[in-house]
Structures are given as C-alpha cells and as structure tokens.
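[1] model the structure of this input:
(chains A, B, C and D, ligands or ions: 4)
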Amino acid sequence: MDETPVLSLSQVSKAFGAVRAVREVSLQLFPGEVHALAGENGAGKSTLVKILSGVHRPDSGRILLDGEPVEFGGPADAQRAGVAVIYQEPTLFPDLSVMENIFMGRQPRGRLGIDRRAMRASAAELFARLGVHLDPDQPARGLSIADQQLVEIAKALSLQARVLVMDEPTAALSGTEVARLFGVARTLRSQGCALLFISHRLEEIFELCRRVTTLRDGAHVASDLIADITPDDLVRRMVGRELDALFPKQETEAGEVALKVRRLTREGVFTDVSFEVRRGEIVALAGLVGAGRSEVARAVFGIDRWDAGSVEVDGKRLRPASPTAAMAAGLALVPEDRRQQGLVMDLSIERNIGLAGLSALHRGPLISRLAERERARDWAVRLRLKFGRLSDPVNVLSGGNQQKVVLGKWLARRPSVLIVDEPTRGIDVGTKAEVHRLLSELAGGGVAVLMISSELPEVLGMADRVLVMHEGRLVAEIPRADATEESVMAAATGRSAA
Amino acid sequence: MRRNGGRRLVDRVARVRELGIVVALGVLFGVTGAVNPSFLSYASLRDILLNSAIVAMLAVGQTLVVVTRNVDLSVSSVVGLSAFGGALILADHPGVPVAVVIAGCVVLGALCGAVNGLLVGAAKVPALVATLGTLYAFRGIDYAWAGGRQVNAADMPEGFLSLGSRSVLGVPLLALVALAVLLAVGWTLGNLRAGRELYAIGSSPEAAVLAGIAVRRRIVAAFVANGALAGLAGVMWAARFGTVDATVATGKELDVIAAVVVGGVAIFGGSGSVYGAALGALLLTGITSALAVLRVDALAQTAINGALLIAAIVLDRVLALRVAAALRRRRYHETTDPGRPADGR
Amino acid sequence: MAVDLARMARRWEGLILVLLVGVTVWASLGVDGFANGSNVSFLLLDTTEIALMALTMTLVIVAAEIDLSVASTLGLSCAVLGRLWNAGLPIEAIMPICLLVGAACGAFNGLLVTRLGLPSLAVTIGTFALFRGLAYVMLGDQAVAGLPPAYTSLATASVGPIPLATILVAVLAVVAAVVLHATGLGRSIFALGSNVEAAFFAGVRVKRIKLWLFVASGTMASLASLVYTFRYASARADSGMGLELAVVAAVLLGGVSIFGGRGTLPGVLMAVLLLGAVRNALILADVANEVLNFVTGLLLVASVLAPNLGAVWRRRSSPQVEGKSVT
Amino acid sequence: GTTKSDVEQQASASATAASSAAADPNAPIKQGLKIAFLPKQVNNPYFTIANGGGIEAAKEFGGEGKEVGPSDASASSQVSYINTLTQQKQDAIVIAANDPNAVVPALKQAMAAGIKVVSYDSDTAPEGRHVFVNQASAEDLGRTQVQLLAEQVGHKGKIAILSATPNATNQNTWIEFMKDELKKPDYKDMELVKVAYGNDDDQKSFTETQGLLRSYPDLAGIISPTTVGIAAAARYLSDSPSKGKVKLTGLGTPNQLRKFVKDGTIEAFELWNPADLGYLASYAAAALASGQVTGAEGEKFKAGKLGEYTIGAKGEVLLGKPTVFNEDNIDDFDF
Ligand SMILES: Nc1ncnc2c1ncn2[C@@H]1O[C@H](COP(=O)(O)OP(=O)(O)OP(=O)(O)O)[C@@H](O)[C@H]1O
Ligand SMILES: Nc1ncnc2c1ncn2[C@@H]1O[C@H](COP(=O)(O)OP(=O)(O)OP(=O)(O)O)[C@@H](O)[C@H]1O
Ligand SMILES: [Mg+2]
Ligand SMILES: [Mg+2]
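    Residues are numbered from 1 along each chain as shown, chains lettered A, B, ... in the order given. Ligands and ions are numbered 1, 2, ... in the order given. Okay, here's the model as predicted:
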C-alpha cells in the first residue's frame, strides 16, 4: 500500500517503574484495513492501545496523525482526533442509563438542553446495527460483562471515528455477537475506517484482519500480511516456541457424583435447573450470552439466594446463600468478572492468592507471611505468571495475568468441585493450553469440574459432557461423542430440544 | 418488550423514591396538624418554609458535590464566614449597597469553594479530608475576624433585614430564592451536558477520564457552585436572624448531609436529585418544628429527631428492596409466559 | 506505579513521624513548660479518649465504613453511668453495663448497615442524634458528681509521666494493630474495604465482620466514656460532644484511606499524638483558640497534600488515568 | 462494690476546713500579678465584656491579665486550659465553670501549685476555688424576673421560659427560684406552661419561640434568662403579630436589645454589668494572690472604683443587685 497511514506509532516506548511494557514499537494503521495486534499476556498490547488513546504518554517515540506528529494530553485529545477505543475492561457509568453511557459528553442537544428522544433513537439504531436487545433507558448497573462489552462497542461506533481500536472486544462474547461485530467492522472498513483489533482467539484474527503485528515482552517481533502466515507461525512469533495440542483433555473414569444440583430456580433468572458433575469429569455449561449460566454458578456457590431446589456436594446439602459453607464443602468458583469479583485490585498478588484460604496460612492466631508468600510463589510459577514482585498490587498486571491470579487463588485451596466461569477469558494461547492442561490434570486427580465457556472450541475440546442453557433453562445434555458446533449451537439458540 | 415493561416500573420506582419523602411529609403534617391545627396555619407554614429555605439551599449545593462522589463538610463554616462578613460590612459601612454585599458574600463563598475544589480536584486530596480541614480552617478565619464581636440586628440596615422576613404574594422571599436556586440547579443537572457529566464522574471516575470528560474542571466547578450557594445562604442567614457572631451555623454540615441522604442522594455519588435533597431538608425542618409544636419534652427532641431520621432512611431502603424483588419476579412471570415467542437471545 | 504506592505509603507515615518529632523538638525548645513531666502527662491524658476511639475507627474506616456516632455513644454511656450511680448501684456493676450499652449501640448501627445494606454514613448520622438524645432523656440536665475517688484518681494517676490511661491505650493499640496487620481477620478487613464483592466471592464473611466492627466501635466508645467520666469526675449527657470529628480527623491524618482498604494503625497513633502535641504546644504558647482550629485544619490538609503534590507533579509529565489517587 | 452512699459517707467523714494560712488585710497588692481569665467560651460577647473589665482592673493594680479558653462551651476543653495555665505558673485563674465538678480536679492541682482560683458567673464546686464572685444572688435573679414579667402581664395568664441548654447550671437554679416565686398567692392567675431550651443557639432559640407561640396561642409572656435566648425571642416577636401582646423579659445586654426596647417589643429586662463582674473578680484574685484575703467568711478587700467588698458564707462575694433596663435608662449604658 502506498497510502499514508491515518495513525502510526514510531518507536514508542513506555516503562512502568522497572517494567518496560513497550519497547520501541512502531505500528501503522491504514484506512480501510483491519490490523491485528497479537502477543502473549503482558506483551504490551493494552499499553500500546493506551498510548494510542492518550491515556499514557509514551516515554519516547512519536505518534503521527496523517503523518504529522501529535501529542495526546489525554483521552479527550485522542477522541477529538478521531480515535475511538474499546478498552479491554469495560468502563461504564453504572448509575447512568445505557444511552447516556454511549453519548456521555456528546449528548444531542435540543432547545431545552439534552434531547433525550434523539439520544434514545440513536442508541436504538446502534443496537439494531449490532443486533443487540438492550433497552437504551436501562441502567448500566447489573449488565453482564458481555452486555457491558456491547455497550462499549456501541459507544465506540457512535463516535464515527476514523480509527477504531478494539482491545479484546470479543473476549466475553459468544459466536453470534462476534459475527455481528465482525459484520459491523467490515462495514466500517469498507467505509475507510482504520481498525486495530486485539484478540487471543487466533481464528478471529485470521477471519477479520489483513495484517498482524506481533509483540513479545513489549518488543516488536514481526508485522506480516495474514495471507502470508499460518496460525502456527503466529503462535511461534508470539510465544517464541512450538506449542503442543491445544485441548489435551485426558480420558478419565468418571467417579462418584460430587456436585448435584436439583431443580434449582431463582425467579426471573433461571428455572428448574438440574444436573450432576462426577469426580474426574469436566462438564461444560454452554449457551449464548445471557442464557443464565453465570447466574446458576453464582447461586450454586452461595452468592445469590435461590428460590427453590437444592444443591448437594458429596451427598451433603448446602446451606443456601453462603459462600463460606460452599467453600467448606469443597467448592470453588472462579468468577467471570475478575476485576469486580475475582480480585481486590489494590491488594498485592500474594494477598489475593492467600485471600480464599486464610485459615491455611495461620500459624496460631497470626498469619504467616512466609506461608503466604510460599503459596503465592508456588502458584505464580505453576501458572507462569508474569509479574515484578509478589508484593505488587494486582492492578498493575496485564489482563491475562490477572486472570491467572484468580485461578491460582482458587486452585490453591485444592477444591473437590471447581466451577470456572470463562476461565480463559483474555488468556493468551500459550497459557490457555496451560490452563486446559491444569483443568484436565485436576479432573484426572478426581476433581469435579464445571466449566462455563462461551468459546465453542474450548467447550468441545475439554468437556466430557456439554450442558446447554437457553433463556434460563437447561435445554440439552450432549455427551462428548455427539458434541459438535452444530448440535451445541442448535440447543443454545433454542432450535432443538434435547 | 419485556424490557420496556421493566423500564416503566423502574421509572415509576424512581419517582417513588421522592414520593416516599412526599408521603413522609404528608404524614408529618397530617398528624401534627390533627393534634394541633395551628401547625397548618399560614403563619406556621410560612415559618417552616423560611426555616427550611436555608438548609434546602445548602442541600441543593451539597447535592452538586455529592453526585460527583465527593462531599463538602466545610459548608457550615462557609455559611458562618459569609454571614459574619456580610453583617460586618453592613454594620461598619452603612453606605455599601445591600446588593453589593450579597454579591460579595456569594463571591466569598465561591472562593472558599474554589479552595476546596482545587484541593480535591487538582491536588487529589480526598474530599472528606480536605473539607474537614477547611471546616476547621474557615471557622478559624471566622473567629479571628470576629474576635468576639457580635453584630446585632440594630447595627444592620432595615432594608437588608426585611429581606429575611418579607413575603412576595404570601410566600417568603427566602423560600422563593431557594426555590429558584433549586429549579436552576435541577435543570442544570438533568438537562445540560455539564450536569450529566457530574453524575458520570460520581458513577465512575476512571470511566469519566476515559470518556474524555474534564473531570478536574467539573469537580472544581461543583465545589465552587456549592461554595457560592453557601455564601448566599450565609447572607440569607444574616438577614433572617439578625444577630450574627462567629459561631453561626456551627455543626450545620451534618444537618445538610442528613437532608441530602434522606432525600435519596447516593452518598457514593452517581445518583439522586436535588429535588429529593430539598424535600429532605423540608422534612427535617418540618420534624423539628412539629416536635416543638407537639410540646414534646425538650430533652426527648434530639432522640426523636434521630429516630425519625433513621426511620426515614430505613423506610426508603425497605421500599427500594421490595421493588427490586418485585421487579425480578415480574421478569420471571414475563419470561415464563408460554405465549411469548423466543427472540434468539 | 507499584513502587510509587508502596513508597508513598511508607513516606506518609514517615511524614507524620517527622512532623511529630519536629513539633516535639520545636515545642521543647521554644515553648515554656512543654517538656516537663506533668505537661507530658496532661498531653497524653488529654488524647486518651480520642486515641481509644481512633483504634476501632481505623478498623471501621479500613473496612470502608464510618461511625459518626461514637461521641454520642460515649455520651449515652456516660449518662447511663450517671443515672445508675444516682440509683445507688455499685460502680463495679455499672461499668460492665456501660460497656454493654456501648456494644448495643454498635450492634444497632451494625445491624442497620449489614442487614439493610444502608450506607453507614447515613445510619450513623441518624444514631449520632438518637444516642445523644437518649443520653439527654436518661440524665437530662444533671451533672452527676461524687463518683468514687478510687476510680477518679485512678483515671488521672500516672507512672512517672505516663498516665495509666495511656498504658491502657497502648495495650489496646497493640491488640488492634496485631488484629489488623497480622491476622486473617485483618487481611479480610483490608480486602472487604477495598473490594467488598471480591471479598465476598472469596468467602470473607463480610456482614459478620462489619457487624462486629461496629460492635467493637461502640464498645470502645463506652470504654472511652468510662475514662472520660472518671477523668473529669462528672457524668453528663453532653460528654464528648463533637469528638467524632476529632477522631475521624486523626484517623485520616494517620493515612487511612476514607475509601477503605488502606491505612495502618501506627500511622493513626502518631497522628493522634501529633494533633495532641500541636494543640498543647500552641495553647501553652498562648496562641488564640481560633488560630488553633486553623492550624488543625491546615495540618490535616497539608499532610495529605504534600505527598499528593509530588504525584501531581509527576502526573504532569505522564498522564496517568488508572492509578487511584493516594488515599 | 462502691456505691453512691459509700462515697457520700466517706466524703462527709473527711470534710475538713480548707484555708489555713492567715490573711493580712493590710498587705499591698503585689505588682506584676499574672491573672488569666477562663470564660465558658471565648468569642462570646458577654464574656468578652466581662473579661475586658477584668483585664482593665489588672492594669489598674499593676498586674497583667489575659483571656484564654475554648471556642466550645464544654467542661473537658476547659480542663486542658486549666492544665496549661498551671504549667504557665499564673498567679491566679478566674474561671466561669462549664461544669461545676469536672473542672475541680484540675483546679485542685492548680491550687496545689500555689495558684489562686476565683470563679465568677458560674461557680465550681466550693473545693475547686477560693472565692466565688456572684453577679447577683440566684434568688434575686430568679424572683425579680418573675416580678418584672408579672407587672407587664398584669399578674395573669400563661407564661413560658426560654432557657439555654437543659443542663446550664445557673439557668436551672434561677428557674427553680422562679417556680418558687410563682407559688406565692400574688401569682395564682399565672401559669408556667413550658420551659423550652434554645441551647444558647440563636437559630434554635428562634425556632423554639416560634414553637411556643404555635402551641400556646394565648401565651401572655416569656422569660428568657439568657442573653442569646432573649435576643432571638425579641427578634421573632418584633416581626410577628404578637409583638407587644406577648411580653418578653429576662436577662440581656442593652446594646443587643436597645432596638427592641425602642420598638416596643420589650418593656423592661435586667442584667448586672458584666464589666463590673470581671472587674470585681480581678480584684478578688489580686487580693488572694497578695495575701490580703484567704477566702474565709468575713474578710474584706477593696475593689478599686467599686469600693469595699466582704467575703460571705462559702467564700461568696456578691456584686450587687441587677439593674433593670427600660426605655428611660437604656441609653445610659453601653455594653
Ligand atoms: N499501570 C501499570 N503500572 C505498572 N505496570 C503496568 C501497568 N500497566 C501495565 N503494566 C505492565 O506492563 C506490561 C504490559 O501490560 P499490558 O496490559 O499492555 O499487556 P497485554 O499485552 O494487554 O496483556 P493481556 O493480553 O493480558 O491483556 C505487563 O507486564 C504489565 O504488568
Ligand atoms: N436488568 C436486567 N433486565 C433484564 N434482563 C437482565 C437484567 N440483568 C440481567 N439480565 C439477564 O439475566 C440473564 C442472566 O445473565 P448471565 O450473565 O448470567 O448470563 P450468562 O449465560 O452467564 O452469560 P455470560 O456469557 O455473559 O456469562 C440474562 O438474560 C441477562 O440478560
Ligand atoms: Mg491487555
Ligand atoms: Mg456469564
């Protein structure tokens, strides 16, 4: 291409204290092209995004807009320059309505201040484009992660920017929404918009993008035309080594029933859900976003109260609405929203890992810092956590590494029943294989695993059985042998009953 | 479809929030009026309006700050400073026009607000700490200025004092001023971008930065506006009460925050309306007046005041919880409606 | 960022310590009568109630709640003491009753906060009035005097320049510091103060802990009321009026984040001493009361401002969005 | 356990005479005496005037007076000040106690350090001071206020009292005497319907006055034995239809109430001269510190322009009868 790039980075670097997050990286975004950014967790992708959007100022290097050097003093400057960004972690105003979230600061003006009618109409139009069923007047509080992500996407679209940067927009989405999003992205592309796309799902990169830039440890590794490389090449560039098979679920004999859920109902959320998970089994809970899977997991673990039904662990009934009782019975839940539910962002890595098992760290009445550190170090190493020091607060970790801390926190308890909700959301390919190996190992060791995942390949690769939810009901149970993309999707969209 | 149903209910509930206070007000006036009809006389209602006007205005200003997830504890000291300053000028320089003095007090208040705003917005001192500090500091300035002096009604021009008691069309002037402030601020918060941005900042400060909102400027502006209103409330105080010394309005900050909280403004920012806050102020002054009229034992008044305050908060909360539960159930019945076509989500 | 936060936290306590030492040195050299056994004794004694209540207030604020009713609880407990003493009960029986009253006040706050999910600021503004009002109902306008000399002199007695009451504070401070900084409970308090949802997901018994924190706060307020009453040899319903702001001010000056999840007990204790020493020295130096208030306010703001100004300066050179401002 | 009666028994058993040293009535007043005035609250206009009188007296006899104190009227903050004054080795402390008992331990320590203590305005428990300078006997004040109001309302009708805080010691003593006075047959047609409390807070007093008029529409008169209360009540009345109909009297300063006397809201009220009170207290302190008196009954001392005073029972010195202010004489006073 001989056009000038709309936006480009030239030799930018950014360090946080001793961590050199981005090292002399250059990147060029051309109009009418989707550019992918790939790299392991902590490679520096999000940092690069934040440099583009004016959140971080680069330590060195330049940002060029239409070939002219610019300085972004803050997100407002970038926005004005026509750069729209979907951040990795949704950043909504929970108290405000969805439409205000989208148009904050740019609300259409009428004669008497803000024109709500026009705003509602524009929001509805955006949602229609994305195929989302959201009420513009609904408050953002209580939206699922996926819905939040969709609102973020709508917000970015509404800016009608020349450059659209998307940091893992699909991590929380399932196939249908992803397809819609890609449709919209292609339209934008054809209208001459430049797009930057980040995802850990390689197939998405290959489907949507024309060019891919790979980062490793903050440094630029390669920029290729997608057409010139294979997924394996890309993985090699990211990880710097060969990877084994991605979904190595070992065959194990299913043991006794460890988790038994009977006719569980929470009014308005899910109805009459019954299933069992045996020791050594990995059972996947699949469904479209909003089917109520996370809600079932929350209720089982005692976060929410259920209205009817029962939960048994190893034959003993659980007290409702008590996570402490659930944990005592051997249950663990890795929640879907790591920032809100999984981590205490201000606390250090070691304290986060220790938090779910404080009693194990006690020596007499006092906490043993040594035991706490040992436990954290042990799991940090096993999960290949990329960190500076264990006493650093978790909020300086990259998204994927934060997810690993959540996993470590729960695995350190050695649960007998493990519920994982989107366990690999935002985790890079290498680590994903690692997490899968770990889950499979746990199952092999007799742990009953219930895995909620929106990623079909993951579901198909890992699960011994697939349970499918649709609109708050369990509609199908598919044994591994019969589980295919088609059969699961059919059940998830309510097209077939099991 | 189902979302729309839910929305309408949510809307209604949102209105119910303020309705709750209106109901409480109704009960208060009904019961007190039944026991002692003179409570509902014109003169009595006028007194209540007058008494609540100042607190209501402060509550409106405080709401501006509270929705941004901040708080201004120093208002009482600003009121004191402005009341004393205004009174002193009027007493010592009888030539200065009243309008100029009022404007001066508003500016003085705005300056105090700017100090708070800069501390919080620019220097990132947590609001509670900053304004607790300026609560002491402004009051200290007030004491130093006053040096034990008291300005009496006799020292101030009649024209000024009459502002505190004059009525227009039967409604006290001060209440009208408070009402005008209320409507203006209410409209700003609801219908201007700047107003909505205050809510956004309070709802999620980090998101506000990412959305390109000038957070610092908005926070400073909220504090300045609140300070200006406190300054205005200060002169109103001087006009209303006539006797002014350095202790004016000491301790009022908790009353103001109580009014804001009772009015349903979330103390952690992001939601609530000035109308609620003003009603809260009206309710609180109503309670005080009613207790005096009902011949409640002086010693028991404080306790009853506190108990009623808690009752109001609890009632509000229980109502909200009920409605939330009802909303969830309602969704349940809609989703389990057999006739409803599946919508692919 | 990581390094900054840690360093700043350390710098904060360092700052308070430097100020404390600075004020002490200045006052000892420059103010007549400051560095003298009986004055030190007064100074320490004068900070007793604030120090006691600040201990539990620290835990409460770290847990992202607040208790504005402590001074009123103190007043109510005083009133109960006076009332029962007038009724002829032995003081040894009255004291535990007072502690129970304090615990009940705390439980009332705690239940409203945990069972109904009300914001503690709102609840304790209400009980601030309620408890004080009950105190008036209980004791009215009386000032009950004639308390047992054995106890009143105990409250002002000292070992060398160190009052017995200060020793009580020290012992309780050690207990509180160990609980907060070295036990699982303390870890849980920090976690729930910082992110209550995540703490709940990790099995922290959020409601139970918060309830007990309020109970502890109430009990401590009534313990402070005993010291207060015996120290002044007079039980009244208006005892300790306005102390709540002094307590909160000390806790905040001590570097505890008002948003919860951050703070240390040593910092708070140093802040209590700093405020006490400054007041004492200024009064001795015949500085007018209004200046005193002004200085207190200034100190509060300045202590937070100083480290933040550095951060603002650095932010200038690199716009940081995510890092929460300190405290 | 220890109960109240135990303590009372012990106390009566160990009650001993306080003053031991002999007085020398002819001793000259020492020069350079340091006298500290500790009012209930600084920045209170009443005390500003009183202490002004005291400091002036100190200047007269070659001493040095200063005013220190808390900005809130609480016993505990007064104690800190007593302690610092002790540290500063003042020669005498002149105090208006916020709580008669709470200040005693600290004052005892001060006395042990050789500091003379004079109480004025509101007394401490007798063991906490050497001399109490009483502005007017409580009995006089209580009874004359009732008499003043009775004349104005024609010995008929409902009356109310607007006091300071529910636990203000001197107000409560006066109110007791008022109630006692009202028992006399002269007042059989007068009924005390309520004692309201304005907490010496201007706005609260204002609201309480409103409440009184609302709940007792046929109220004939109000007594407010506090300067803050009477001013607030006067301001409310002057602006209401009840002006002149509901009579108001009590204790107030002429400067504060001049306007209301002139516009007919108030017919007459009374007060002692606070400057004289401080002046007398200052001389009493000097006499003590110079050894002229010890605080025993019967001792005499000279108080500058006010003449000679005799210490009465329980170490009390009485300033004199209160002055009644009305339209005729109010312009003769400026305080
Ligand atoms: N605010 C910060 N302070 C300190 N270190 C930071 C900060 N933000 C990011 N880092 C560090 O910079 C490195 C790059 O992080 P970044 O978030 O850019 O990774 P990423 O490529 O987006 O990873 P992921 O795929 O997990 O989202 C990481 O080591 C991270 O710990
Ligand atoms: N305020 C609301 N109004 C209507 N429906 C709501 C509201 N909040 C949540 N829901 C719905 O509740 C259901 C449960 O959502 P949940 O997040 O549990 O789904 P999920 O299957 O776990 O999806 P995900 O893939 O996002 O984890 C969804 O249908 C969601 O849209
Ligand atoms: Mg990232
Ligand atoms: Mg989910």
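[2] where does chain B have low pLDDT?
    Confidence mapping of chain B against pLDDT under 70 gives the ranges B:1-17, B:323, B:326-345.
[3] just the strands in it please.
    Remark: strands of chain B, listed N- to C-terminal, are B:167-168, B:171-172; assignment by DSSP state E.
[4] same question, the stretch 351-498 of chain A
    With DSSP state E, counting those that start in this stretch, the ranges of strands along the stretch 351-498 of chain A come out as A:362-363, A:366-367, A:417-421, A:448-452, A:465-470, A:473-479.
[5] how far away from the center of its chain is the third one?
    Read that as strand A:417-421. Mean C-alpha position of strand A:417-421 versus that of the full chain (Cα atoms, centre = their mean, to the nearest Å) differs by 16 Å.
[6] what helices or strands is it leaning on?
    helix A:293-301, strand A:331-334, helix A:399-411, helix A:429-444, strand A:448-452 (3 or more Cβ pairs under 8 Å, 6 or more residues apart in numbering or on different chains; DSSP states H and E). Heads up, the C-betas are built off the backbone N, CA and C, glycines and all.
[7] got the contact list for the first one?
    Residues outside helix A:293-301 that contact it (Cβ atoms under 8 Å, 6 or more residues apart in numbering or on different chains): A:144, A:259, A:261, A:264, A:266, A:269-270, A:273, A:285-287, A:304-306, A:311, A:318, A:323, A:326, A:331, A:333, A:335-336, A:419, A:421, A:450, A:452, A:469, A:472.
[8] dump that helix to PDB, keeping only the CA atoms.
    Extracted C-alpha coordinates of helix A:293-301, given in PDB (Å, rounded to 0.1, in the frame of the first residue of the first chain):
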ATOM      1  CA  ARG A 293     -25.100 -19.700  33.100                       C
ATOM      2  CA  SER A 294     -23.200 -17.400  35.400                       C
ATOM      3  CA  GLU A 295     -26.200 -16.900  37.500                       C
ATOM      4  CA  VAL A 296     -26.500 -20.700  38.100                       C
ATOM      5  CA  ALA A 297     -22.900 -20.800  39.100                       C
ATOM      6  CA  ARG A 298     -23.300 -17.900  41.500                       C
ATOM      7  CA  ALA A 299     -26.300 -19.500  43.100                       C
ATOM      8  CA  VAL A 300     -24.600 -22.800  43.500                       C
ATOM      9  CA  PHE A 301     -21.700 -21.200  45.200                       C
END
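[9] right, is it up against ligand 2?
    Yes: looking at helix A:293-301 against ligand 2 by Cβ under 6 Å from any ligand atom, the contacts come from A:293, A:294, A:295.
[10] okay, now the first one: neighbour count?
    This means residue A:293. Using other Cβ atoms under 10 Å in any protein chain shown, residue A:293 has 29 other residues around it.
[11] likewise the second one?
    Residues near residue A:294, counting by other Cβ under 10 Å, number 27.
[12] where does it land on pLDDT?
    Residue A:294 carries a pLDDT value of 91.
[13] from residue A:454, how far out is it?
    Between residue A:294 and residue A:454 the distance, using Cβ to Cβ, to the nearest Å, works out to 10 Å.
[14] can you check the first one too?
    Counting by Cβ to Cβ, the separation of residue A:293 from residue A:454 is 9 Å.
[15] picking that back up, would you list the helices and strands packed on strand A:417-421 in JSON lines and tack on distance to residue B:47?
    Formatted as JSON lines, the helices and strands packed on strand A:417-421 follow (distance: least, Cβ to Cβ, whole Å):
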{"stretch": "helix A:293-301", "distance to residue B:47": "54"}
{"stretch": "strand A:331-334", "distance to residue B:47": "59"}
{"stretch": "helix A:399-411", "distance to residue B:47": "59"}
{"stretch": "helix A:429-444", "distance to residue B:47": "70"}
{"stretch": "strand A:448-452", "distance to residue B:47": "63"}
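[16] worst mean pLDDT among these?
    Of all the helices and strands packed on strand A:417-421, the minimum mean pLDDT falls on helix A:429-444 (a mean of 85).
[17] hmm, who's touching that helix?
    Residues external to helix A:429-444 that are found in contact with it (Cβ under 8 Å, 6+ apart): A:40-41, A:200, A:202, A:235, A:238-239, A:243-250, A:252, A:280-282, A:382-384, A:400, A:404, A:407, A:411, A:418, A:420, A:423-424, A:427, A:449, A:451, A:458, A:461-462.
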